[in-house]
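> structure for this input, please:
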Amino acid sequence: MPISTVIREKRKELGLTQEQLADRLGVTPPAVNKWEKGISCPDISILTPLARLLETDVNTLLCFREEMSDEEIARLCNEIAEKAQEENGVEKAFELCGRKVREYPGCPKLIHTMATMMQGIILMSDCTERDRYEEQIHRWYEQVIDCKGNAREKNAAYYMLVSWHMRRKEYEKAQQMLDLLPEQDVDKRILQARLLAEQEKTDEAAVLAERKLVNALNEIQGTLNLLLTIAVQEGAPGRAEKIAEVGRQTAVLYDLWGYSPLILPMELALKKKDKAESIACIRRMLEMVLEPQHMTDSPLYAHIYSQEQGKKRVDEGMEEYGWKVIPVLLKELKTGEAYEFLRGEAEFEELIREWEGKIL
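Alright, predicted model coming up:
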């Protein structure tokens, strides 16, 4: 909680008015009103008397162990990412995340960020203790829900827990989590972008709009994937083919990264257990991962990259990412249930050996 909320809630718990609080501290009622609205903060000389009057301590008043700023969280994320690149990096990153969560147990944004970041690190690693990490990540999401305030992080945590229980086929628990999620609120980002554009703050407006587009495309592709699965389950191959083609065209039309155009066609080939088509898609997917990704050339995402990282750095980062993701993809091909029907096929096994040789 910010200091404004602490002052207001503690004052109300004690049954004091703003005027009474002001009188006992020797300040004006408007000053107290500004504190509680977050417009200004108490002078440092008054913090100790204020804490005593509200029957609390200065650390609680300042939320010393409850909140981290967005800038502090961003710096922490960079530190964790660096740790993950070291020897035994996953464990080091995990320990750092856990230490910060214990240090700030009432900061939902921090805890949610640590959980999602560790999920990404695990996904991109060849760790052997995946189950242990995932169990802790699950507990972190539950901790976010128990924190006070901040509905956005709580709703995101509920969403992740629904997915968690679905993967484990715990459908009743998944439904319980789902029932706690509110109906989708009106997305304010487009209104905010329009407001900024009206004020000729075009860079800020464009960044918001581009991020909205990325999120919308991710949702569309996920929905198409679900519709494809349903079509296959219902025995409607023509409909499934059409959905896969729409997914492919969408990825091309909106300049989505890398092998995005192949995701739904490959998903369909795997569901149909079409060996020839599946292997062809996998081969092309591996090739596309390492192809130059000039995402910064797209007019759809120009402001995101130019503002946040710079074009050259983004393109170089995508190339580096490609080499990192190949081992993860190969491991999935060798162990994933979806590819079981391909194992033992000479062309499939040769394809894996070929790409294993490339990354040595």
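> show me what the helix or strand in which residue 110 is found is packed up against.
Element membership of residue 110 [criterion: DSSP states H and E] is helix 108-123. Judged by 3 or more Cβ pairs under 8 Å, 6 or more residues apart in numbering; DSSP states H and E, helix 108-123 is in contact with helix 70-84, helix 89-103, helix 130-146, helix 151-167. Where C-beta positions appear, they are placed from N, C-alpha and C, glycine not excepted.
> now those helices in a markdown table, with mean neighbour count?
Rendered in a markdown table, the data for the helices and strands packed on helix 108-123 read as follows (neighbours: other Cβ atoms under 10 Å):
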| stretch | mean neighbour count |
| --- | --- |
| helix 70-84 | 15 |
| helix 89-103 | 17 |
| helix 130-146 | 16 |
| helix 151-167 | 17 |
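> what count of nearby residues applies to residue 219?
Close neighbours of residue 219, defined as other Cβ atoms under 10 Å, add up to 10.
> next up, the contacts around it.
For residue 219, no residue counts as a contact, taking Cβ atoms under 8 Å, 6 or more residues apart in numbering as the criterion.
> follow-up on the earlier one: quick check: mean pLDDT across the helix holding residue 110?
This predicted structure assigns helix 108-123 an average pLDDT of 91.
> show me what it is in contact with.
The contact list for helix 108-123 (Cβ under 8 Å, 6+ apart) reads 68, 70, 73, 76-77, 80-81, 84, 89-90, 93-94, 97-98, 100-101, 104-105, 130, 133-134, 136-137, 140-141, 143-144, 147, 149-150, 153-154, 156-157, 160, 328.
> cool, stretch 89-107 as well?
Contact with stretch 89-107 is made by 1, 65-68, 76, 79-81, 83-84, 86, 110-111, 114, 117-118, 121-122, 125, 127, 129, 133, 136, 140, 143, 147-148, as judged by Cβ under 8 Å, 6+ apart.
> and stretch 163-178, by the same measure?
Contacts to stretch 163-178, defined as Cβ under 8 Å, 6+ apart, come from residues 138, 141, 158, 161-162.
> end to end on it, go ahead and measure it.
Start-to-end span of stretch 163-178 (Cα to Cα, to the nearest Å) is 10 Å.
> then stretch 226-244 to CSV, C-alphas only?
Output for stretch 226-244, consisting of C-alpha atoms alone and laid out as CSV, is shown next (Å, rounded to 0.1, in the frame of the first residue of the first chain):
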residue,chain,number,x,y,z
LEU,A,226,-8.6,-23.6,-29.8
LEU,A,227,-11.1,-23.5,-32.7
LEU,A,228,-8.8,-25.7,-34.7
THR,A,229,-8.6,-28.2,-31.8
ILE,A,230,-12.4,-28.3,-31.5
ALA,A,231,-12.8,-28.8,-35.3
VAL,A,232,-10.5,-31.8,-35.2
GLN,A,233,-12.3,-33.2,-32.2
GLU,A,234,-15.6,-32.8,-34.0
GLY,A,235,-14.3,-34.5,-37.2
ALA,A,236,-14.5,-31.5,-39.4
PRO,A,237,-11.2,-31.5,-41.4
GLY,A,238,-12.3,-28.9,-43.9
ARG,A,239,-13.1,-26.4,-41.1
ALA,A,240,-9.8,-27.3,-39.4
GLU,A,241,-7.8,-26.6,-42.6
LYS,A,242,-9.5,-23.3,-43.1
ILE,A,243,-8.7,-22.2,-39.5
ALA,A,244,-5.1,-23.2,-39.9
